[in-house]
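Colleague: task: produce atomic coordinates for the following.
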Amino acid sequence: MMSNLARLSAALVFLSQVTQSLAQTPPDFSPSTENSLSIQYAGNDIEAGAEVSITDAATVPDIQLSQSNTSRVILMFDIDAPNGPANNALSPLLHWLIATPPGSNVGDDQSRINTVAEYSGPSPPAGSGPHRYVLLELENHEASFNIPSGFPDSYEHAPSRLRFDVTGFIEEGGFELLSATWFTAESTNGTTSEPESGAPAAVSTSFSMIFSLACVVAMVITSS
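Modeller: Below is the predicted model of the structure:
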């Protein structure tokens, strides 16, 4: 007969599997939540863990925020930079950081949104496999948004976006994780992340060039 200890162990394993299956962030990623953040790329609903083409993800997604009278902070980052889960020395790589005033949505008047880090669509190196991109919706309990202590005021250049301390940002800012989602995107030879004509630019050429250089430097460091 199965001992009580064996039953307890099996129950804990099952509970862990159920919890991971409900999480709206990648397995073993922290922080996590069971609350789903609703996003769309190119008019398509994106379920947690879905694959999105880098062409569709080149422009800012439509996001349905949780209903509340408090302001929101949206983070998006790559946890597989520069070359996939086995070589992610530059992760998390910040792709987007905005703050919205109370009662507004991402699709509302953009002049009301505080863009701290311009949106940078996925552009993982070809051959590095699928990269995982995580989006978090944070609640800001303060009347206005302020950059947490110890974090840059600007993320115009790629180096400032490398190894972004997600947990530290949330804790130092006193934010609360409300919902999350994630998707994968993969580059292949000839694939580009440039948006269609007339669409908002995803990332500047200089950002892409600096990030590519940073990837090379990281590979040299990790291989030495």
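Colleague: contacts and neighbour counts: CA atoms only from here.
Modeller: Fine.
Colleague: all the helices of this structure, residue numbers only.
Modeller: 4-22, 166-173, 205-223 (DSSP state H).
Colleague: what's the least confident stretch among those?
Modeller: Ranked by mean pLDDT, those end with helix 4-22 at the bottom, a mean of 45.
Colleague: what sits against the nearest residue to residue 134 once chain neighbours are set aside?
Modeller: Spatial nearest neighbour of residue 134, excluding adjacent residues (C-alpha to C-alpha, 6 or more residues apart in numbering): residue 182 at 4.3 Å. For residue 182, the contacting residues are 24, 25, 26, 47, 48, 49, 50, 132, 133, 134, 135, by C-alpha atoms under 8 Å, 6 or more residues apart in numbering.
Colleague: which stretches in this protein count as strands?
Modeller: 38-41, 44-45, 50-51, 62-64, 71-78, 93-100, 114-117, 131-140, 176-185 (DSSP state E).
Colleague: of the ones you listed, which is nearest residue 151?
Modeller: Among these, strand 114-117 comes nearest to residue 151, with 11.2 Å by C-alpha to C-alpha.
Colleague: against which helices or strands is the closest one packed?
Modeller: strand 93-100 (3 or more C-alpha pairs under 8 Å, 6 or more residues apart in numbering; DSSP states H and E).
Colleague: CA atoms only: put the strand it packs on into PDB for me.
Modeller: In PDB, the C-alpha atoms belonging to strand 93-100 read as follows (Å, rounded to 0.1, in the frame of the first residue of the first chain):
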ATOM      1  CA  LEU A  93      15.500  42.300 -22.000                       C
ATOM      2  CA  LEU A  94      13.100  45.200 -21.600                       C
ATOM      3  CA  HIS A  95      10.900  45.700 -24.700                       C
ATOM      4  CA  TRP A  96       8.200  48.100 -23.400                       C
ATOM      5  CA  LEU A  97       7.400  50.100 -20.300                       C
ATOM      6  CA  ILE A  98       4.400  52.400 -20.100                       C
ATOM      7  CA  ALA A  99       2.200  53.900 -17.400                       C
ATOM      8  CA  THR A 100      -1.500  54.700 -17.900                       C
END
